[in-house]
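Undergrad: Have a look at this prediction, sequence included:
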Protein chains: 2
Amino acid sequence: MCKINYSPYKSKIKSAEEAAMLIENNDILGVSGFTKAGDSKAVLPKVAERALHEDFKVTVLSGASLGYDTDANLAKYGALHKRMPFQADATLRKSINNNKVLYVDQHLGQTADMLQKIDTFKIDVAIIEAVSITEEGYIVPTTSVGNSPIFADKADKIIIEINRTLPDSLIGLHDIKVLKKQPNREVIPVLNSTTRIGKTYIKIDPKKVVAIVYTDIPDSPAVISEPDEKTKAISDHILNFLGKEVDQGRLTESLLPLQAGIGKTANAILSGFKNSRFKNLTMYSEVLQDSTFELFDSGNLAFASASSITVTEDCYRRVFNDFDKYKDKLVLRPQNISNSAEVISRLGVIGINTAIEFDIYGNVNSTHITGTKMMNGIGGSGDFARNGYLSIFACPSMSKAGSISHIVPMVSHTDHTEHDVDVLVTEQGLADIRGLAPVERARLIIKNCVHPEYKEQLLKYFEDAYKLGGQTPHILKDAFSWHTQLKTKGTMKIEELVASYS
Amino acid sequence: MCKINYSPYKSKIKSAEEAAMLIENNDILGVSGFTKAGDSKAVLPKVAERALHEDFKVTVLSGASLGYDTDANLAKYGALHKRMPFQADATLRKSINNNKVLYVDQHLGQTADMLQKIDTFKIDVAIIEAVSITEEGYIVPTTSVGNSPIFADKADKIIIEINRTLPDSLIGLHDIKVLKKQPNREVIPVLNSTTRIGKTYIKIDPKKVVAIVYTDIPDSPAVISEPDEKTKAISDHILNFLGKEVDQGRLTESLLPLQAGIGKTANAILSGFKNSRFKNLTMYSEVLQDSTFELFDSGNLAFASASSITVTEDCYRRVFNDFDKYKDKLVLRPQNISNSAEVISRLGVIGINTAIEFDIYGNVNSTHITGTKMMNGIGGSGDFARNGYLSIFACPSMSKAGSISHIVPMVSHTDHTEHDVDVLVTEQGLADIRGLAPVERARLIIKNCVHPEYKEQLLKYFEDAYKLGGQTPHILKDAFSWHTQLKTKGTMKIEELVASYS
């Protein structure tokens, strides 16, 4: 039960409430946690509660999203001044969109570098979940690494939260290195998904540790719906496409390291690889979902590198109760290494991410509902889309009983530009837009990806615009007419098509 | 005069006309040339002329833009099917915007990788300018390297154009390596601007050489206007900003390697470093303009790495008549290494590029006039903005007698998203938007960068949108109203401000 192998810390054991009192108003916190995995479940919720009783606000930097209630309560109790680089919580989302919380939506691979470049976010306190403490007082993290190494490095004070629900067999899972700031930045010598370049613990200055807190709360489980007809169709289109790439000699049957975003669609796409021709696959991703472990069990996946493991309750039990079964096939890295431009470009990662909408020229919106309201954030999708070997974006062609087409004339917010998108896919089909000029892309995307109910009106927009000329034909006054009509009439469908664009 | 040190080529000496006849209709050509430097001045113009007399079209891939008349005549004579990855010619631009030529506007760092990934652009013939041929029959390129190494590697046939106007002292200037395709991609061991990792020539299979052509035409000279009041002000704002970064201990006085885009503004910005506190500077850029040599002469610049040297007639004479003076301070690399994500992120390049327009949230349009018409192309700006240490974009706040504001509610085309832009600057001032939420950015950009004549109406757009809420407040139906009004009324200025947005 005692997971502290460094005796000086024993005098620092505190309750979560006591530890939360070590935070000062207006502090900047760097907290562990990446898509719910490995977050602070004891101290940070108590930090949130302080705002109920006193004038108290903090800025919270994390790896990515935090567990249930944590971001929600931080927002609900008014404890948040600024939040970055990612969130995925309904309550916090509301506060962000009401401009009660400032939200910086940042590439997940860039937060660590930002902390080295500017002192705007000087970390006052790091709160980091650990499975164990080494004999030197160093931290062995739990189900994610995220930005914890840089937070611990930069923080004035460190609070360690020891999670007693996780097995010691997690020790050795992690590969941790803090990169030097430029001009002394070293080569990141990751040559394939399996390469280890660092230590299995986060090296810290033990004098900075101000509290050790025990917790017995497991990670908030992921809830992922089973693949349905649409997500299965999307998965099939991608598998077919990759199969053809193999047939043409462009890739081998082990492909290149896969990255997949989080959520139902990404999970379904990856699950599809179970019963596929692709063998000896690897992942160089940021989050591992249930599908990763299904792929391990199917024998098709050889190794997975990421920054976190975020799985459903069933999968969590299965994996962590029998962790030795998976341990030698896994490595968790800091997110500036899992999402490193250098490594992603060298390895040639195949990035598969989901879009909120995309447009006829291949621009992708992955963050904003009708251009203004934040959904979650860009996450790591940009890190992989920008520098990977193949950048695939997927979404359903249509939703909300046909009132929304996810392929639009112009995206209402651009997260991934036409220059960074290779393949677009919906349940209708797939468009490989590599090497195509914008007008070629438009015709292919409309033909292959758009729902039949929207095909005619999208083609009309394009043809009307095309008559006016331009490398990227648009009718600016109508470019968002689908989005504005959705607001006024509840649907993107245009009734009288003939007179629609002028 | 004989620059061929490999005798088997002597039987292959042909006239430009004869060499041009070796190209077949519908061929895909890979040609040397990067922003006018080192392009084919003899053969490619003759290739263009063939379309005057016969049914003849080719696809042309280059490093970047070509010299005067080449792209123009290819377009004028109808010789072009598709052009990529960059152009900057008025005649070709017109053909592109009239959809007579298909144009793929691509990150300059990604063309070589694309050729390794897909065979859509199987190079039939490479046409490469050389200063000399080695004893093994290998090519020593001239004033640019561009994509020539990968073109030569992939081509079925090679035409070498030997330029007799350039001194042999160029031999040794280049550092050339063709990277392996993933999964065998190696570490690119460039640890600073000066590192050499390859050979001084392009290794080719001599059997592929079908023609050797002599030319005595020098590179088309750059024409760059002297810094004016506005570009000087922009330069001063950037120098002040970088000075403050040094004062705060974030950078040293040698900063980090600089990259600067092409053109008057970028040249003026760089010229500003001549009389600055910054010493022992380095460049890791793609094009070197006059300002680079001014900086060498001033003693402030220690070394410059790029893919081409594109200078004015005066500077050209000065540099190449006395090349030994500069040679040990220069290296020219293939553009997938000068613009490599891996190297740019490792070195921490400070990227300074120009924008056509940017918006209140920090998105940048660097390619399209009012969202539809192509100007030049994204060039390498995305390679540096995406992966560098600092991503700075500059443009004048206003132009065309006040009818155009270059800061708009929403950019009409997005080339660089809010996630990839750190600093925005006009002659009015500079906005450092790192770590800011969108609404914070908007207020700072409006305050610091916008021309006084547009400040009120931009603030009104923002405040009206802000009332409606959202992470990125917008009124979609009005987001492009400035652009559409420019078309209908000839100005972005709104007369009656009160009723402008609803």
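TA: Ah, there it is.
Undergrad: so what's A:Cys449 closest to, chain neighbours aside?
TA: In space, and not counting its chain neighbours, A:Cys449 is closest to A:Thr426: 4.7 Å by C-beta to C-beta, 6 or more residues apart in numbering or on different chains. Using the backbone N, CA and C atoms, a C-beta is placed for each residue, glycine as well.
Undergrad: what does the stretch 401-502 of chain A put close to chain B?
TA: Within the stretch 401-502 of chain A, the residues that sit near chain B (C-beta under 8 Å from any C-beta of the partner chain) are A:412-420, A:434-437, A:439-440, A:465-466, A:468-474, A:476-477, A:479-480, A:483-484.
Undergrad: Mind doing that once more with 7 Å?
TA: A:412-415, A:417, A:419, A:434-437, A:439-440, A:469-474, A:476-477, A:479-480, A:483-484 (C-beta under 7 Å from any C-beta of the partner chain).
Undergrad: now swap in the stretch 201-350 of chain A and tell me
TA: Within reach of chain B by C-beta under 7 Å from any C-beta, the stretch 201-350 of chain A has these residues: A:250, A:256, A:341-342, A:345-348.
Undergrad: just the buried members of the residues you listed?
TA: By neighbour count, with 16 or more other C-beta atoms under 10 Å in any protein chain shown, these hold A:256, A:341-342, A:345-348 as buried.
Undergrad: distance between the ends of stretch A:57-76?
TA: With C-alpha to C-alpha, to the nearest Å applied, stretch A:57-76 spans 12 Å between its terminal residues.
Undergrad: Show me what counts as buried in that stretch.
TA: Going by 16+ other C-beta under 10 Å, stretch A:57-76 has these buried residues: A:57-67, A:69-76.
Undergrad: Over to stretch A:276-283?
TA: Neighbour-count burial for stretch A:276-283, with 16+ other C-beta under 10 Å as criterion, is recorded at A:276, A:278, A:281-283.
Undergrad: what's the average pLDDT for that stretch?
TA: Averaging pLDDT along stretch A:276-283 yields 97.
Undergrad: Run the chain-centre distance for it.
TA: Between the centre of stretch A:276-283 and the centre of its chain there are 22 Å (C-alpha atoms, centre = their mean, to the nearest Å).
Undergrad: What of stretch A:243-259?
TA: Once both centres are worked out by C-alpha atoms, centre = their mean, stretch A:243-259 turns out to sit 24 Å from its chain's centre.
Undergrad: Show me chain A divided up by domain.
TA: The record's domain split for chain A, according to the TED database, is A:7-215, A:229-489.
Undergrad: so how far is the first residue of the longest one from its last?
TA: End-to-end distance of domain A:229-489 (C-alpha to C-alpha): 29 Å.
Undergrad: same check, this time on the shortest one
TA: Between the opening and closing residues of domain A:7-215 there is a gap of 19 Å (C-alpha to C-alpha).
Undergrad: What residues does the stretch 51-200 of chain A have near chain B?
TA: Within reach of chain B by C-beta under 7 Å from any C-beta, the stretch 51-200 of chain A has these residues: A:82, A:96-99, A:102-104, A:106-107, A:114, A:117-118, A:120-121, A:182-183, A:185, A:187, A:189.
Undergrad: Ignoring the adjacent residues along the chain, who's closest to the residue in the stretch 201-350 of chain A positioned nearest to chain B?
TA: Among all residues of the stretch 201-350 of chain A, A:Gly348 sits closest to chain B, at 2.8 Å; criterion: C-beta to the nearest C-beta. By the measure of C-beta to C-beta, 6+ apart, the closest residue to A:Gly348 outside its immediate chain neighbours is B:Gln182, 2.8 Å from it.
Undergrad: PyMOL command for the buried members of the residues of the stretch 401-502 of chain A next to chain B?
TA: To isolate the buried ones among those in PyMOL, judged by 16+ other C-beta under 10 Å, type:
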select buried, chain A and resi 412+413+414+415+417+419+434+435+436+437+439+470+471+472+473+474+476+477+479+480+483+484
